[in-house]
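Colleague: Just to be clear, the model below is a prediction. Sequence and coordinates:
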Amino acid sequence: MKLPPLEPGGETLGERVARLRKERGYTQVELADKIGIIQTIVSAIETNVLKLSAEMAVRFALALGVSTDELLFAQRKKRAGRKPSRKVLRRLEQIEALPPTQQTTLLRTIDTFLEGAAVRMARR
């Protein structure tokens, strides 16, 4: 039996798990390893083939760094309080490992790119 989302226009639990996983930069395999399960179970949950038990909901929430409330209940997106993704954090670590002159050059390049993106967004 396929149940509708709890909130009209909201996402299903599986969609929310997939979104949170991607926001944090995990693959299904990485999340499965972190929880101690196999990737096919993560896939089945994300596609709503399997439902989360209470214990698995807690395990997923811990692995994703969210509360069980955030995992289980559709919420309005909060951009300001969002944590950086794992991909971004990995890149920051790589930048910090560079010599100071290379860091400065790279950060100037990023700043120039972001300024250009902001101008393009303002034109829309």
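Modeller: Received, thanks. Numbers count the residues shown, from 1 in each chain.
Colleague: I'd like the domain boundaries of the chain, if you could list them.
Modeller: Using automatic domain parsing, the domains assigned to the chain come out as 13-72, 86-123.
Colleague: what's the least confident stretch among these?
Modeller: For the domains of the chain, mean pLDDT drops lowest on domain 86-123, to a mean of 87.
Colleague: Could you check how far the residue with the largest distance to the centre of the chain is from Phe113?
Modeller: The outermost residue of the chain relative to its centre, with distances by CA atoms, centre = their mean, is Thr101 at 31.7 Å. Distance, Thr101 to Phe113, using CB to CB, to the nearest Å: 19 Å. C-beta: built from backbone N, CA, C; applies to glycine.
Colleague: ditto for Glu15
Modeller: Counting by CB to CB, the gap from Glu15 to Phe113 is 31 Å.
Colleague: try Thr104
Modeller: The gap separating Thr104 from Phe113 is 15 Å, by CB to CB.
Colleague: Then Thr27?
Modeller: The value you get for Thr27 to Phe113, if CB to CB is used, is 26 Å.
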